[in-house]
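In: Here is my input; please provide its structure:
(2 chains)
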Amino acid sequence: GAGVSQSPRYKVAKRGQDVALRCDPISGHVSLFWYQQALGQGPEFLTYFQNEAQLDKSGLPSDRFFAERPEGSVSTLKIQRTQQEDSAVYLCASSLPSPEAFFGQGTRLTVV
Amino acid sequence: QQPVQSPQAVILREGEDAVINCSSSKALYSVHWYRQKHGEAPVFLMILLKGGEQKGHDKISASFNEKKQQSSLYLTASQLSYSGTYFCGTEIVEEDGNKLVFGAGTILRVKS
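Out: Next comes the predicted model:
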């Protein structure tokens, strides 16, 4: 497809369950960002890749969060032992790296 | 690190003007503006590079004051389609790459 694709669009997880969120960036885009967006808030930076290298993971809230991009294209954000406070929309964005970042539709995670 | 946006929310009638401000405590490489409608991905509006540049398309324009680390988005003769949440993204230069950090957003509602 032409845009950034994220899957699943919606995910309901029981507390304590592990989840994996997928991001397919635009082909050829070097930079990939993950953001967490709580209801009514702006996207909060989680982590950033340049090709397969994870250059910044300072925004990951705890060691339960892990992201990878092994071949420099598709990325996966994994959350282990999910908790209620993890409920949010997780947005992925890619860029060439600049100037414009294109966002996916996001994955809405609800932890019950 | 998160830029501060003001106002938090604004309600306009069609045809009225609005200004949304964004300020950062960190030195900025560029400022990006996005609009997000409910349940949708943020959509890129424009990017401003350092140098006091002003840009615009249609009736939406923006300015960037690098020294003051501030940007403003100007919406003139607002239309119903302008409704949404506006985010400024500030590009911060770091050793390993540039990071895009978003403000909390400004909710804009245009009434007929």
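In: how much space between the one residue sitting closest to the centre of chain A and chain B?
Out: Nearest to the mean C-alpha position of chain A, by CA atoms, centre = their mean, lies A:Trp34 at 3.7 Å. In this view, A:Trp34 and chain B are 12 Å apart by CB to the nearest CB, to the nearest Å. C-beta coordinates here come from the backbone N, C-alpha and C atoms, glycine included.
In: Neighbouring strands - and their directions - for the host helix or strand of B:Val10?
Out: Using DSSP states H and E, B:Val10 sits within strand B:9-13. Paired with strand B:9-13 in the same sheet, following DSSP bridges, are strand B:106-111 (parallel).
In: now the strand it pairs with: mean pLDDT?
Out: Confidence over strand B:106-111 (mean pLDDT, whole number) is 94.
In: low-scoring stretches of chain B, by residue?
Out: B:51-57, B:96-97 (pLDDT under 70).
In: one more time with 50
Out: For chain B, no stretch is flagged by pLDDT under 50.
In: Spell out which parts of it neighbour chain A.
Out: B:2, B:5, B:30, B:32, B:34, B:40-44, B:47, B:49, B:87, B:89, B:91, B:94, B:96-105 (CB under 8 Å from any CB of the partner chain).
In: now do 6 Å
Out: Residues of chain B lying close to chain A by CB under 6 Å from any CB of the partner chain are B:41-42, B:44, B:47, B:87, B:96-97, B:99, B:101-105.
In: would you list every one of the strands in the chain?
Out: Just so you know, I chose chain A. A:5-7, A:10-13, A:19-24, A:31-37, A:44-50, A:53-56, A:65-68, A:75-79, A:88-95, A:102-103, A:107-111 (DSSP state E).
In: looking at chain B here, not the other one
Out: B:4-6, B:9-13, B:18-23, B:30-36, B:43-49, B:54-57, B:60-65, B:70-75, B:84-94, B:97-102, B:106-111.
In: can you redo those as a markdown table with distance to A:Thr47?
Out: Formatted as a markdown table, these follow (distance: least, CB to CB, whole Å):
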| stretch | distance to A:Thr47 |
| --- | --- |
| strand B:4-6 | 23 |
| strand B:9-13 | 30 |
| strand B:18-23 | 23 |
| strand B:30-36 | 18 |
| strand B:43-49 | 21 |
| strand B:54-57 | 29 |
| strand B:60-65 | 26 |
| strand B:70-75 | 25 |
| strand B:84-94 | 13 |
| strand B:97-102 | 10 |
| strand B:106-111 | 26 |
